[in-house]
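> Sequence first, predicted coordinates after that:
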Amino acid sequence: MSTTTKEISVGDIGARGAEAKSQINGDKMALNVGPSHPTTHGVLRLIMELNGDLIEKCEPVLGYLHRGDEKIAENMTYNQFVPYTDRLDYLAPLANNVAYALTVEKLTNIEIPPRCQAIRVLVCEMARISSHLLGMGVFGMDAGAWTPFMYTFTEREKLYTLFEELTGARFTTSYTRIGGVARDIPDGWLERVEKFVDELPKAIGEVEKLLTRNRIFLDRTEGIGEISKEDALAYGLTGPNLRATGIDLDLRKDKPYSGYEQYEFDVPIGTRGDCYDRYLVRIEEVSQSIRIIKQVIKDFPSGAWYAEDAKKIFAPPKDKILTSMEELIQNFMIVTEGPQIPAGEVYFEAENPKGALGFYVVSKGGGVPYRMKIRAPSFCNLSILEKLAPGHFLSDITVILGSLDFVMGECDR
Amino acid sequence: MIDEDFKKSLLKEHSYLVQRDSVDWFTVECPSKDLVSFCKSMRDNQGFELLIDLTAIDHGEGEECRFSTVMHLYSLVHRGYVRLHSLCTDNDKPFMPSISEIYPAANWHERETFDMFGIHFTNHPNLKRILMWDEYPYFPLRKEFPLAGIDTPLPADDVVEVTQASVEPAPMMGGPFVSASSGPISDSEPRAKDESWTERKEKPL
């Protein structure tokens, strides 16, 4: 049997794109991706119009994970809603819990003691590490690199063990209450957290070795999905996606909450706003979170871990409930009627791993919000896709989606 | 931070604004007819480049002004928020001017607000439902819409023909909700106990 060889030359990717654009003028193809597809990281559906391999139009379709969280919130007491916040950005439930508790507390005038604030900062930063570890690993996988995912997931597993020791659950933590947290940190937990953050840089180093200067990874991410500063602001991007474009907006610095002003850390920003920059910003944020965690543990405040003056809001300690009449009544009222929050409206957003997670609460007094709006960072970050995707190859869409690092649980609410 | 001088000059420059009390951010009420020009001036002259959030509130049936929209703008110059309320003048066919030309971020927020409250945004480039499916007949975040949902046909006609299936209200008894402790069980849709605004009937004593 005879064989013939044929030489194939693979030119520059950009030039190929331009060539493809000039040559193909045939019928356009409509392509539907999702709602259940591995690249879409959840139940996102994309309706694309392709000209050859080039995307000409991309329309995201949402709502497949819509559960009506805002309607549910209007029908239950403030503390009952905490488990629902776990299920927003389910890769960083602790950060959601904290953002929610801080919002409702802003309507009251209770003072959160330093120990409780430190616990909250600690869990927020741990949640950020866990979310970014997943984000980076999956992003590598989207670009065709399997191995980094194994490294980041090993570390993430260690974090989940720590979360389980603290909250009793690995994923659905429901850790905060209005006016405090569910329980104090267990004995020896801080040392275990410290040990974890001491060992983490080594694993991050391995991921960096595999990805950061990897030729294939660079070819697939550099210059792909570039977002300009103006576009990022216009479409309301927040978090690492906004900072990758070079805009220095970190709510932990600009509007410090829960005692973030005491800790020293830098805000990494990118220059081009492409997929590669978004990856670099995330990897640096992990290092900064480690810095914050070390500072928190170094000066960990003692004292109360819940607001002690918060009568009618935070339930008294269990031993008092079982022995004293007044505390029993208080506990009963908080459980049945909900924490008594004064009337008013409040908007607060926290710098979550995915961006600014905001809660807008309208209270008419009593234990139930009149209206609650959840401002989900993934929802806003995804809205730029309609503008971002056209002009890219179909194969780039995986990388772009991976780099935007969104979670549909939060997007659809 | 948003300082007092800025607040004063803003209120002076735009005489139609009404300041509202607030526990957190500077809050103003803007008439819907001036909303577009005000947002444009906020973006171009005051540095409020980031539309953080846009949503609506249903104040309840029978209120003089039933729907209002709320916006939060953030400025990188001032490093602070401004909250913007606007009242919908028509209760039966609520509408608002769309600001998605000024802030493209508003595009999806307005679609969501339309989806949930049925507020029409005039001049919106693509006003259709975003979270619910296109044929969905209700506006779920309106106060009269029950928590459990309403029996609704499925979006795909061909599926309905074969299966006769529909979207059924959620069976909610025994959930984490606070349900009424007395009366017939069939009546006691679980709901927050001390809020009379979700009740169709008068609040029992």
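Structure's in. What do you need?

> Contact partners for A:Gln406?
To be clear, residue A:406 is Phe; Gln isn't right here. By CB atoms under 8 Å, 6 or more residues apart in numbering or on different chains, the contact set of A:Phe406 is A:41-42, A:44, A:354, A:378, A:381-382. C-beta coordinates here come from the backbone N, C-alpha and C atoms, glycine included.

> now it: how far from A:Glu194?
32 Å (CB to CB, to the nearest Å).

> cool, A:Glu226 as well?
The spacing between A:Glu226 and A:Glu194, counted by CB to CB, is 39 Å.

> Which residue of the two possesses the greater neighbour count?
Neighbours per residue (other CB atoms under 10 Å in any protein chain shown) separate A:Glu226 from A:Glu194, with A:Glu226 holding more: 17 against 14.

> Show the pLDDT at the residue lying closest to the more buried one once chain neighbours are set aside.
What sits nearest to A:Glu226 in space, not counting adjacent residues and going by CB to CB, 6 or more residues apart in numbering or on different chains, is A:Asp274, at 4.5 Å. Here, the pLDDT recorded for A:Asp274 equals 90.

> so how far is B:Met42 from A:Asp274?
In terms of CB to CB, A:Asp274 sits 30 Å off from B:Met42.

> Surely the residue nearest to A:Glu226 is in contact with A:Ile224?
Yes. If you go by CB atoms under 8 Å, A:Asp274 and A:Ile224 touch, sitting 5.9 Å apart.

> How many neighbouring residues does the residue in the stretch 51-200 of chain A that chain B sits nearest to have?
Going by CB to the nearest CB, chain B is nearest to A:Gly63 of the stretch 51-200 of chain A, at 4.0 Å. Counted with other CB under 10 Å, the neighbours of A:Gly63 add up to 21.

> element containing it, please.
Under DSSP states H and E, no helix or strand contains A:Gly63.

> so what's it up against?
A:412, B:129-133.

> most surrounded residue in those residues?
B:Ile130 (25 neighbours).

> Does that one touch B:Glu110 like I think?
No. Assessed by CB under 8 Å, B:Ile130 is found out of contact with B:Glu110, at 9.3 Å.

> Walking through chain B, point out its helices one by one.
Remark: helices assigned in chain B by DSSP state H are B:4-13, B:35-45, B:106-117, B:157-163.

> Can you get me a residue count around the closest residue to chain A within chain B?
Closest approach between chain B and chain A, counting by CB to the nearest CB: B:Ala105, at 3.2 Å. By the criterion of other CB under 10 Å, B:Ala105 has 24 neighbours.

> Show me the shaky parts of the chain.
You didn't say which chain, so I picked chain A. Where chain A drops to pLDDT under 70, the residues are A:1-26.

> other chain: chain B
Chain B contains residues with pLDDT under 70 at B:170-205.

> Who does the most centrally placed residue in it form a beta bridge with?
By CA atoms, centre = their mean, chain B has its centre lying nearest to B:Ala56, at 2.0 Å. Beta bridges link B:Ala56 to B:Thr69 when assigned by DSSP bridges.

> Let me see the contact set for it.
B:Ala56 touches B:67-70, B:113, B:116-117, B:119, B:141, counting by CB under 8 Å, 6+ apart.

> Just the strands from the chain, written as ranges.
Picking chain A for this. Applying DSSP state E to chain A gives strands spanning A:29-33, A:45-51, A:54-61, A:176-177, A:180-181, A:344-352, A:355-363, A:371-375.

> let's do chain B instead
Using DSSP E, strands in chain B cover B:18-20, B:26-29, B:50-58, B:67-75, B:80-87, B:95-97, B:120-122, B:152-153, B:166-167.

> Out of these, which one sits most buried?
By mean neighbour count, with neighbours taken as mean count of other CB atoms under 10 Å in any protein chain shown, strand B:50-58 ranks first of the strands of chain B at a mean of 25.

> Now A:Met150: closest residue in space, sequence neighbours ignored.
Using CB to CB, 6+ apart and skipping residues adjacent in sequence, the residue nearest A:Met150 is A:Gly137, 7.9 Å away.

> Go ahead and confirm the one you found touches A:Ala145.
No. At 9.2 Å, A:Gly137 does not count as touching A:Ala145 under the criterion of CB under 8 Å.

> residue contacts, residue 95?
Unless you meant another one, I'm taking chain A. Contact analysis of A:Ala95 by CB under 8 Å, 6+ apart lists A:89, A:123-124, A:127-128, A:131, A:350, A:352-353, A:357.

> Chain B, not that one
By CB under 8 Å, 6+ apart, the contact list for B:Phe95 reads B:88, B:119-122.
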